[in-house]
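Q: Provided below for reference: sequence and predicted model.
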Amino acid sequence: MLEIGTDGRTWILTGPRSSYALRLTEDGELLHLHWGPRIALADAEELAGRQRLPYWPFEAPVDGHEEYPVEGGPRFTRPALSVRTDERRGTEWTFREYEADGDELRLRFTDGGLGITLHYRLRDDVIERWVTLVNDGPAVELLRADSATWTLPRRTEETWRLSQLHGRWAAESRLVRGDLTYGEKVIGSRRGHTGHQHLPWVALDTDATEEHGEVYGCALGWSGSWRIAVAQLPDARVQITGGAGYDESGLLRLETGETFTTPVFAGLWSDGGHGGASRAWHAYQRRYVIPDADQDRPVLFNSWEATEFDISEEQQQALARRAAAIGVELFVVDDGWFGARTSDRAGLGDWTPNPDRFPKGLKPLADSVHALGMQFGIWVEPEMVNPDSELYRAHPEWAQFQPGRKRTELRNQLVLNLAREDVQEYLWEKLDALLSSAPIDYVKWDFNRCFTDAGWPGEPYPQKLWVEHVHAFYALLDRLRAAHPGVAFESCSGGGGRIDLGVMARTDQVWTSDNTDPLDRLAIQHGFSQIHPARTMAAWVTDSPNNQLNGRVSTLRFRFVSAMAGVLGVGGDLTEWTKEELAEAGEWVELYKRIRPVVQRGDLHRLRPPTGGLSAVQYIHGDEVVVLAWLQAQHYGEPPAPVRLRGLDSAETYECRETGEVHRGAVLLHHGLSTGLRGDFDATVIHLRRT
């Protein structure tokens, strides 16, 4: 709900549990008033009446109070907007008008020929913010154009605590929390994609637990280089500023008549602790962000760890038969099916089937997979090119490069300059033809290296490729989805290197990490769940020992229960599994299909984190409850403390579908009793239904 003050200068957006208010002063300053529990319009107007900006000789009166700080004038906080022309730098803007459209508010400002519109859109308790810049005057260079600045309430007697997700390849999305100190904390990516090192999300609290306390969270929807800065100002106020691009070297140059729209930077306030904030983020994404989120994702098999580059049609058919026998619903051929792709040294860019491996194309294999009752999927990496490829030999200028410098190869490949229209059209033609050549139901879209030599010889403003590459990636995905509406897409970037709200809006699931070790994955999945729902989190059961990474030995039981916390997949070499292992795998797949609606669509409660000993998560959907529990170790022979389930009605009874036991709403899970855990490094699934 959007309400407007009687003088047209106070605005308040109110969701089911929270409110957000701002005020334009008589002097034309746009000030932040409130973000937190629900308040009325009258309360917001009272806050506006009490707003008195300080003035000291060495302090800027608007610092820490301003809704969207621009560069210029008496301001010393980090500016969200920094522009320059041939004559001057900075912004001196003037308010023009506001527009109200349902739950969206638009505030329009001008600075000479530059139009600046601040957008606010309410999605339940999530506020989406972004900025549109329209240039009707001489050329303007955008050095920095952040999507939003978020201002937290002043807490002079308490210490803010910052939560973030950090990592690296094979160790993504690990949660860390620590006290926020004076100054700035900056996270982001300089790599051209979201990156393995940080997810574009932060949360702040003072005393929140998993289920209680206030939490403020912000998440950026951008799949390129980005930056989020969290600043505790000298007066103890906290502001969070974020957007596309990492530094102020220049985003774009807007010529006369050109427009730039920033990505969405979404904010959420919750009084339900970190778990309540996560559930609100998950519900928001399922309802407003993820395509077809009401459709459960199928159990898939991926051929990569079984075959790597050594593939053939007959071999894939043999794997498909075994996958179908254990209940797999989607069979995916990974890298190695196209061009001269017998290793990672050649073939990227040549998106036609290898004639030796698939002499009649992909259709015969796809038809045989469909005949087995499964969908058929394929792996691609469209934004990359091998120097040893027909594409590169024809168009070496299509790769990103700096003139006079060595072209850096990582994984024996270069990055295509997707900002070029001819590259965009080439990829559209190749991928559209691929999806039209065979009954393909699913595409795993990979991105296996960062930008290094991000040059564009001959382009007057080459820096724009950092932004335009992402826009072109989005446009290509949107165009393919429109032309092939039955095809699902997965985002992958060497694992979790491209996970954000922007790519979530265009793909059906994401590859969380190349690390498929079931124990390592518990911490990765715990961090991922802080912001993103299980419905998007692809997880595989692979071979033991884990030869891809650490050689750890684990039971099939532990591997399956770990992967069942998201979208279940299988990635092992099924031709090497024993009859007993295949039979057990079939039972786990069957169980997952029963609990899948609860896991993929339910509300998540993190019962105990994966820090050692017993860890567990719980999902609630309607009358059904699913608990996944993992016992990593026992110490001194002492069993872990019982785990109490959450979110259940204490007046109701719940029956365990596996054992028939009936429990009251305050269910306690005991090691070796209700959980069925038998010993160290064990795992179990509990499925309850309200009676």
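A: Now that the structure is in, tell me what you want to look at.
Q: The nearest residue to residue 233 once chain neighbours are set aside: what secondary structure?
A: In space, residue 233 comes closest to residue 64 once its chain neighbours are excluded; the distance is 4.7 Å by C-beta to C-beta, 6 or more residues apart in numbering. Glycine gets a C-beta too; all of them are placed from N, C-alpha and C. Following DSSP: H, G, I helix; E, B strand; the rest coil, residue 64 is assigned to coil.
Q: Enumerate every residue touching residue 64.
A: For residue 64, the contact set (C-beta atoms under 8 Å, 6 or more residues apart in numbering) comprises 77, 151, 233, 235, 237, 239.
Q: Tell me the pLDDT of it.
A: Residue 64 carries a pLDDT value of 85.
Q: And residue 663, by the same measure?
A: For residue 663, pLDDT reads 78.
Q: and if you look at residue 233?
A: Listed pLDDT for residue 233 reads 92.
Q: Quick check: beta-bridge partners of residue 628?
A: Beta bridges link residue 628 to residue 617, residue 685, judged by DSSP bridges.
Q: Quick check: residue 587 is in a helix.
A: Yes. Counting by three-state DSSP, residue 587 falls inside a helix.
Q: Determine the number of other residues adjacent to it.
A: Residues contacting residue 587 under the criterion other C-beta atoms under 10 Å number 13.
Q: what bits of this protein have low per-residue confidence?
A: 52-60, 666, 671-675 (pLDDT under 70).
Q: how about the helices in it?
A: Using DSSP state H, the helices of the chain run over residues 41-50, 273-284, 304-307, 313-325, 363-371, 390-394, 421-437, 465-483, 501-504, 518-528, 556-563, 579-601.
Q: Just say which of those helices is most tucked in.
A: Compared across the helices of the chain, helix 501-504 shows the largest average neighbour count, a mean of 25 (mean count of other C-beta atoms under 10 Å).
Q: How about residues contacting stretch 544-562?
A: 170, 305, 514-522, 525, 539, 541-542, 568, 581, 584-585, 588, 592, 628-630, 681-685.
Q: Include distance to residue 197 and neighbour count when you put the contacts of residue 64 into TSV, please.
A: Below are the contacts of residue 64 laid out as TSV (distance: C-beta to C-beta, whole Å; neighbours: other C-beta atoms under 10 Å):
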residue	distance to residue 197	neighbour count
77	25	20
151	27	23
233	26	20
235	31	12
237	28	19
239	23	23
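Q: Those in strands, which ones?
A: 151, 239 (DSSP state E).
Q: got the contacts of residue 64 as TSV, with distance to residue 275 columns?
A: Formatted as TSV, the contacts of residue 64 follow (distance: C-beta to C-beta, whole Å):
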residue	distance to residue 275
77	32
151	25
233	30
235	32
237	27
239	26
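Q: Among the contacts of residue 64, which one lies nearest to residue 256?
A: residue 77 (30.9 Å; C-beta to C-beta).
Q: any idea how far residue 265 is from that closest one?
A: Taking C-beta to C-beta, to the nearest Å as the measure, residue 77 falls 17 Å from residue 265.
Q: Contacts only, for residue 452.
A: Going by C-beta under 8 Å, 6+ apart, the list of residues near residue 452 reads 408, 410, 415.
Q: Try it again at 6 Å.
A: residue 408 (C-beta atoms under 6 Å, 6 or more residues apart in numbering).
Q: how far away is it from residue 409?
A: From residue 452 to residue 409 the distance is 9 Å (C-beta to C-beta).
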